[in-house]
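Engineer: Make a model of this:
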Amino acid sequence: MNAIRIAVCASFIVSLLLVSACSTQNEHDDLNIYINDVKSRPKGQIEPLPPVRTYNAFVYQAAQLRSPFERPAEPTLVTGPVDPNVKPDPTRPKEFLESFNLDSLEMVGIMEQHGNLWALIKDGSGGIHTVTEGNYMGKNHGRIVSAKRTSVDLIEIVSDGLGGWVKRPKSIKLSEKE
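Structural biologist: Residues are numbered from 1 along each chain as shown. Below is the predicted model of the structure:
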């Protein structure tokens, strides 16, 4: 048993000498040179952090509107006395502004001459036209009933969906450009 112990100790000592003989200082000289080279370089500057952008909170303003996930309310028909005299005149020649939707027309100013007030209306294609009481505009037979300094009021004649016609008041207000 003593002989086995001596053999194990001898093999341990031999392996320790072999490991220490393999690790010589010359193998890591190139690594040490590189480390020293990197350490001797001039130090750079770190770029400053970009400025912090402020957070603009989003305010949800459509809470009072109908949810898009609910069914819309069923339309109700307004029944009342139907005036058979309310209908568009098919023989009347159309005016130029009747070829535009009323939503695309915009009041941009007024002119006054000899007590008559004329509204300046910008059409959907960029042209500006003068209108006054009695002129027509919009695709729904809209007749101007009053031209004021801040708006043009008109009455449209639209189908009621039941084969008749009804009058609908509309107004185009003076647009305020900043």
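
Engineer: how close does Pro169 get to Val158?
Structural biologist: Applying CB to CB, to the nearest Å, the value for Pro169 to Val158 is 11 Å. Glycine gets a C-beta too; all of them are placed from N, C-alpha and C.

Engineer: Next: Ala3.
Structural biologist: 119 Å.

Engineer: Which of Pro169 and Val158 has more residues huddled nearby?
Structural biologist: Val158 (16 against 10; other CB atoms under 10 Å).

Engineer: and the gap between that one and Arg149?
Structural biologist: Separation of Val158 from Arg149 (CB to CB) stands at 28 Å.

Engineer: now Ile172
Structural biologist: Distance from Ile172 to Arg149, by CB to CB: 13 Å.

Engineer: before we move on, what about Val14?
Structural biologist: According to CB to CB, Val14 stands 113 Å off from Arg149.

Engineer: Same check on Ala7?
Structural biologist: Ala7 is 119 Å from Arg149, by CB to CB.

Engineer: Isn't Asn140 up against Ile157?
Structural biologist: Yes - counting by CB atoms under 8 Å, Asn140 touches Ile157, with 6.6 Å between them.

Engineer: what's the overlap in contacts for those two?
Structural biologist: Residues touching both Asn140 and Ile157 by CB atoms under 8 Å, 6 or more residues apart in numbering: Arg168.

Engineer: Can you give me every residue that contacts Gly142?
Structural biologist: Contacts of Gly142 by CB under 8 Å, 6+ apart are Glu98, Leu102, Tyr136, Leu154, Ile155, Glu156, Lys170.

Engineer: out of those residues, which is most surrounded?
Structural biologist: That'd be Leu154 among these, by other CB under 10 Å, with 25 neighbours.

Engineer: Would you confirm that that residue contacts Lys170?
Structural biologist: Yes - under the criterion of CB under 8 Å, Leu154 makes contact with Lys170 at 5.3 Å.

Engineer: is it fair to say Met69 lies in a helix?
Structural biologist: Rather than Met, residue 69 is Phe. No - secondary structure of Phe69 (DSSP: H, G, I helix; E, B strand; the rest coil): coil, not part of a helix.
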